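Trainee: No letters, just coordinates:
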């Protein structure tokens with residue numbers, strides 16, 4: 001059985017110990033190492049090549065945000081899952097922009113952490129219920145003064161399918177293969193749907209998808 005290699009990054013030793021104890025009980029997980037700050041995290045990623053990095057945000061020496069930015073640039077194949085006590089959109093959105101594939105809070109239960117690791121390892125996005133709520137509230141505040149017409153209804157079925165696959169974390173080539181079209185056609189669908197939705201990046205697409213309940217919790 002192929003195991004998911006996990007690196008735990010948190011500046012509190014007791015938190016790392018607790019998470020490790022939890023993950024060691026999961027048959028398809030292999031905790032390959034720990035780090036107490038962002039700088040150590042980067043060094044451990046270079047040494048251990050984990051599949052998933054479970055990353056805290058507020059840490060000394062180097063923050064989780066900066067570590068994610070560097071890991072994304074140097075090791076784009078490594079999945080980063082944020083695990084933090086901060087639940088507001090001011091933390092969720094920057095984390096996604098920096099390359100986080102998922103976001104869970106320390107107040108969430110162990111089943112959520114396990115599900116999140118498996119989801120991001122499998123190429124999907126994962127947002128805890130609190131993170132989804134934060135993004136939804138921000139989206140609603142941003143759109144409260146817009147017209148009553150639902151832009152989602154302006155999308156064609158193919159554009160809706162592309163939106164769903166994008167939010168699931170699929171690449172252009174993977175979407176093209178799924179839909180049996182060319183990558184150029186996928187780019188065209190993507191450009192049209194973003195124009196119709198008046199969004200300009202993947203973060204806004206995720207926020208829109210959460211509001212429309214397109215993504216699975």
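Mentor: Sure, I can see it. The model shown is predicted, which means the values in this text are computed figures rather than measured ones. Residues are numbered from 1 along each chain as shown.
Trainee: in this structure, which spans are helices?
Mentor: Ranges of helices within the chain are 13-23, 38-48, 64-74, 89-97, 110-121, 129-143, 157-167, 172-179, 183-197, 202-211, based on DSSP state H.
Trainee: Nearest approach to residue 2 belongs to which of those?
Mentor: Closest to residue 2 of those, according to Cβ to Cβ: helix 110-121, at 10.0 Å. (Each C-beta comes from the backbone N, C-alpha and C, glycine too.)
Trainee: Burial check on the closest residue to residue 96 other than its chain neighbours, number of neighbours?
Mentor: In this structure, residue 96 finds its nearest non-sequential neighbour in residue 203, 5.1 Å apart by Cβ to Cβ, 6 or more residues apart in numbering. Residue 203: 16 surrounding residues under other Cβ atoms under 10 Å.
Trainee: same question, the one 3 residues further on
Mentor: As a burial measure, residue 206 scores 24 neighbours (other Cβ under 10 Å).
Trainee: thought it was touching residue 96?
Mentor: Yes. Counting by Cβ atoms under 8 Å, residue 206 touches residue 96, with 6.7 Å between them.
Trainee: which regions of the chain lie under the pLDDT threshold?
Mentor: 86-90, 130, 133-149, 215-217 (pLDDT under 70).
Trainee: any idea how it splits into domains?
Mentor: For the chain, the structural domains run 4-136, 147-211, going by automatic domain parsing.
Trainee: For the helices of the chain, give me TSV that also has distance to residue 1.
Mentor: TSV is the format used below for the helices of the chain (distance: least, Cβ to Cβ, whole Å):
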stretch	distance to residue 1
helix 13-23	15
helix 38-48	19
helix 64-74	26
helix 89-97	31
helix 110-121	13
helix 129-143	30
helix 157-167	28
helix 172-179	24
helix 183-197	34
helix 202-211	31
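Trainee: who wins for proximity to residue 30 among those?
Mentor: Of all the helices of the chain, helix 13-23 sits nearest to residue 30, with 8.6 Å by Cβ to Cβ.
Trainee: Please enumerate residues in contact with that closest one?
Mentor: Residues from elsewhere that reach helix 13-23 (Cβ atoms under 8 Å, 6 or more residues apart in numbering): 6, 8, 10, 29, 31, 34, 36, 54, 56, 83, 106, 110, 113-114, 117.
Trainee: Tell me how far that helix lies from the chain's centre.
Mentor: Relative to its parent chain, helix 13-23 has a centroid offset of 22 Å by Cα atoms, centre = their mean, to the nearest Å.
Trainee: With stretch 188-195 instead?
Mentor: Chain-centre distance of stretch 188-195: 22 Å, with Cα atoms, centre = their mean.
Trainee: Ok, stretch 100-114 next?
Mentor: Distance, centroid of stretch 100-114 to centroid of chain: 11 Å (Cα atoms, centre = their mean).
Trainee: Just the endpoints, please. Distance across it?
Mentor: Stretch 100-114 stretches 16 Å from its first residue to its last (Cα to Cα, to the nearest Å).
Trainee: Just the buried residues of that stretch, please?
Mentor: 100, 101, 102, 103, 104, 105, 106, 108, 112, 113, 114 (16 or more other Cβ atoms under 10 Å).
Trainee: Ok, stretch 196-204 next?
Mentor: Those would be 197, 199, 202, 203, 204, for stretch 196-204 by 16+ other Cβ under 10 Å.
Trainee: now stretch 187-196
Mentor: Buried, per 16+ other Cβ under 10 Å, within stretch 187-196: 189, 190, 192, 193, 194.
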